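S.K.: Below are the sequence and a predicted model; questions follow.
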Amino acid sequence: MNPYIEILRPGNALMGAIAIVLVAIIDRSFTLPIILAMLAVFFETAAGNVINDYFDYNIDLINKPERPIPSGRISLKAGRNYGYLLFLLGTICGFLISFLTSNWIPFAIVLIADVVLYLYACKLKSTPLIGNLTVGFMTGFGFVFGGFAINNPTIILTSIYLGFFAFVMTTARELIKDIEDMEGDKSEGAKTLPILYGEKPTAILAVILIIIDCVLCPLLYYNHIFGFYYLIVIAIAVILFLYSAILIIRNQDRQTAGKASKYLKIGMLVAFVSFIFGSF
């Protein structure tokens, strides 16, 4: 794969854009602002991934030496400038959305995302729990951004619901990823939650968040946001979430944390599919 595509983590960036697609499906509208919102989220997520790799160069030499920057396929300077370009593209998309809708909240959201993503990469990531909450917040923010791009009060409320669920589950996954990445984080003096307080307490916190999301999932049906088909598909996601919780609470070694993180990611994709089915 071309290193300039690989460093984007296109899967993650597309997942961010999917949040906009889901909100658009719920509203049953695909307008130019929605397309621009998809591009904005893709560029912003990709920019965050690239600038994160730039600041994580030394850590990735241990944890992920095959990544484009530590492997030498992209220089540090080129990686930094690439990240800046992606931030600029996302910001331009946000401006165009606000110009077209006469609503400057989407542009403000993109500007906030620029600042938060950069601060996360250079400062917040190594801050215990704050870094995890930041990633969760930005994931949930994508849904809210989609709601404001559509500029429909009902859809904005729905997007806030979806954003909250994404926030909680993403935070849980980030905690588990911290357990997986402990070796490299320690070498760089990072102060993540598992390093400061241990793998077991971190796993317990992640499991609590997973259970909270699983328990609250039916609310999207009972509040008439989604229909009956949502319950059928979301049940599969809940099974994957609970399986991940069982894995990480039993064992906190790096390999198990990697598996738990993977199943959480798959579960989140299934949850996204449930939102689509629930809209019909």
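M.R.: All right, it came through fine. Predicted model, so just to flag it, every value in this text is computed and none were measured.
S.K.: in the stretch 1-150 of the chain, which ranges drop under the pLDDT threshold?
M.R.: Across the stretch 1-150 of the chain, the ranges flagged by pLDDT under 70 are 1.
S.K.: For it, which segments are assigned as helices?
M.R.: 3-6, 10-27, 32-55, 57-63, 76-101, 105-122, 130-150 (DSSP state H, counting those that start in this stretch).
S.K.: wait, which of those is closest to I232?
M.R.: With C-beta to C-beta as the measure, helix 10-27 is the member of these nearest I232 (17.1 Å). Any C-beta I mention is one placed from the backbone N, CA and C, and that applies to glycine too.
S.K.: Identify the residues contacting that closest one?
M.R.: With contact meaning C-beta atoms under 8 Å, 6 or more residues apart in numbering, helix 10-27 is reached by 30, 34, 37-39, 41-46, 49, 139, 142-143, 145-147, 149-150, 152, 155, 158-159, 162, 166, 225, 268-269, 272, 275-276, 279.
S.K.: again, 6 Å this time
M.R.: 30, 34, 37-38, 41-42, 45-46, 142-143, 146-147, 150, 155, 159, 272, 275-276, 279 (C-beta atoms under 6 Å, 6 or more residues apart in numbering).
S.K.: Report the central residue of the protein.
M.R.: For the chain, the residue sitting closest to the mean C-alpha position, by C-alpha atoms, centre = their mean, is T139 at 3.8 Å.
S.K.: sec struct for the closest residue to that residue other than its chain neighbours, please.
M.R.: Residue nearest to T139 in three dimensions, not counting chain neighbours: T170, with 4.1 Å by C-beta to C-beta, 6 or more residues apart in numbering. Judged by DSSP: H, G, I helix; E, B strand; the rest coil, the three-state class of T170 is helix.
S.K.: hmm, back to that, please name whichever of the helices of the stretch 1-150 of the chain is nearest to I236.
M.R.: Comparing these by C-beta to C-beta, helix 10-27 comes nearest, at 16.7 Å.
S.K.: okay, the helices of the stretch 1-150 of the chain in JSON lines with distance to V215 next?
M.R.: Below are the helices of the stretch 1-150 of the chain laid out as JSON lines (distance: least, C-beta to C-beta, whole Å):
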{"stretch": "helix 3-6", "distance to V215": "37"}
{"stretch": "helix 10-27", "distance to V215": "22"}
{"stretch": "helix 32-55", "distance to V215": "28"}
{"stretch": "helix 57-63", "distance to V215": "33"}
{"stretch": "helix 76-101", "distance to V215": "34"}
{"stretch": "helix 105-122", "distance to V215": "28"}
{"stretch": "helix 130-150", "distance to V215": "17"}
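S.K.: Out of these, flag the one nearest S187.
M.R.: helix 57-63 (5.5 Å).
S.K.: gap between the closest one and the chain center?
M.R.: Counting by C-alpha atoms, centre = their mean, to the nearest Å, helix 57-63 is centred 21 Å from the centre of its parent chain.
S.K.: Show me what it is packed up against.
M.R.: Using 3 or more C-beta pairs under 6 Å, 6 or more residues apart in numbering; DSSP states H and E, the elements in contact with helix 57-63 are helix 182-187.
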